[in-house]
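Student: Predicted coordinates and the sequence they were generated for:
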Amino acid sequence: MNRKDSKEQKYLIIDSTAIIHVISKEDFSDENTTLVFPEIIRNEIQSFQAEAVFETLKADNRLIFSIPTSKSIEKVESMAEKTCDVVSLSETDLQVIAIALDFPNSTVVSDDNAIQNVCFYLEIPIKSYSFKIRTARRYFWKCTVCGQKYKTKQNKCIECGSPTTRLFVKKKLS
Ligand SMILES: [Zn+2]
């Protein structure tokens, strides 16, 4: 009767800055929730292995390590260029977001500004404990002559060939 329905599996992709909050505040009673960490922080996670909750999750196969697909990494990098977060994201940060693209029903758990911003534009649900962004922002490019706007980088306007200028767009989050 406790057979897990794969359709109901939920994945929490954990950013390393959020681990301590996850341990102390997360409710693990939902047995369909699995924690996912990037493989590259496996050693970092070792220091938390002694935590009783992690022992239990590991025994239940609800704590896994994953390597993101290169397709997802590319998608995240491309979005991070547009949101101006590319310099703020570490390799681990990129991987956390990419893994969220790889798993269905995933939520990224992070208090990091740049991670949250990129997730917003990739439509990845975010859970945070101590910090939540209030505005999302990304770049757009606008022709200095005809005013045509572009979501991706354009050095010259496709319509009229004039130079473009890079601008911000901000979106207030509820
Ligand atoms: Zn133009």
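Tutor: That came through fine. Numbers count the residues shown, from 1 in each chain.
Student: Any figure for the gap between the residue nearest in space to the middle of the chain and residue 14?
Tutor: In the chain, the residue lying closest to the centroid (C-alpha atoms, centre = their mean) is residue 97, at 3.0 Å. According to C-beta to C-beta, to the nearest Å, residue 97 stands 12 Å off from residue 14. C-betas here are computed from N, CA, C, even on glycine.
Student: Quick check: closest non-adjacent residue to residue 168.
Tutor: residue 137 (5.6 Å; C-beta to C-beta, 6 or more residues apart in numbering).
Student: What pairs with the helix or strand containing that neighbour, parallel or antiparallel?
Tutor: For residue 137, the host element (DSSP states H and E) is strand 135-143. Strand pairing for strand 135-143, determined by DSSP bridges: strand 149-150 (antiparallel), strand 164-172 (antiparallel).
Student: okay, the ones you listed, which one's buried deepest?
Tutor: strand 149-150 (a mean of 14; mean count of other C-beta atoms under 10 Å).
Student: And for that one, what's in contact with it?
Tutor: Surrounding strand 149-150, the residues in contact under the criterion C-beta atoms under 8 Å, 6 or more residues apart in numbering are 140-143, 158, 164.
Student: go on, stretch 107-123?
Tutor: 10-15, 17-18, 21-22, 75-76, 79-80, 82-83, 85, 88-89, 93, 96-97, 100-101, 124-133, 136-138, 173.
Student: Check the offset of it from the chain's centre.
Tutor: Its chain's C-alpha centre and that of stretch 107-123 lie 4 Å apart, by C-alpha atoms, centre = their mean, to the nearest Å.
Student: how long is that stretch end to end?
Tutor: 10 Å (C-alpha to C-alpha, to the nearest Å).
Student: thinking the residue nearest to residue 168 is in contact with residue 167, fair?
Tutor: No - contact criterion C-beta atoms under 8 Å: residue 137 and residue 167 do not qualify, at 10.6 Å.
Student: per-domain residue ranges of this protein.
Tutor: Domains of the chain are assigned by automatic domain parsing as 9-127, 135-172.
Student: Using the three-state scheme, assign residue 88.
Tutor: coil (DSSP: H, G, I helix; E, B strand; the rest coil).
Student: shared neighbours of residue 97 and residue 14, anything?
Tutor: Joint contacts of residue 97 and residue 14 (C-beta under 8 Å, 6+ apart) do not exist.
Student: Give me the mean pLDDT for stretch 119-139.
Tutor: Regarding stretch 119-139, the rounded mean pLDDT is 92.
Student: all helices for this structure, in order.
Tutor: 19-25, 42-46, 52-59, 70-82, 91-102, 113-121 (DSSP state H).
Student: mind putting these in TSV, distance to the ion included?
Tutor: Below are those laid out as TSV (distance: least, C-beta to the ion, whole Å):
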stretch	distance to the ion
helix 19-25	48
helix 42-46	48
helix 52-59	55
helix 70-82	20
helix 91-102	33
helix 113-121	25
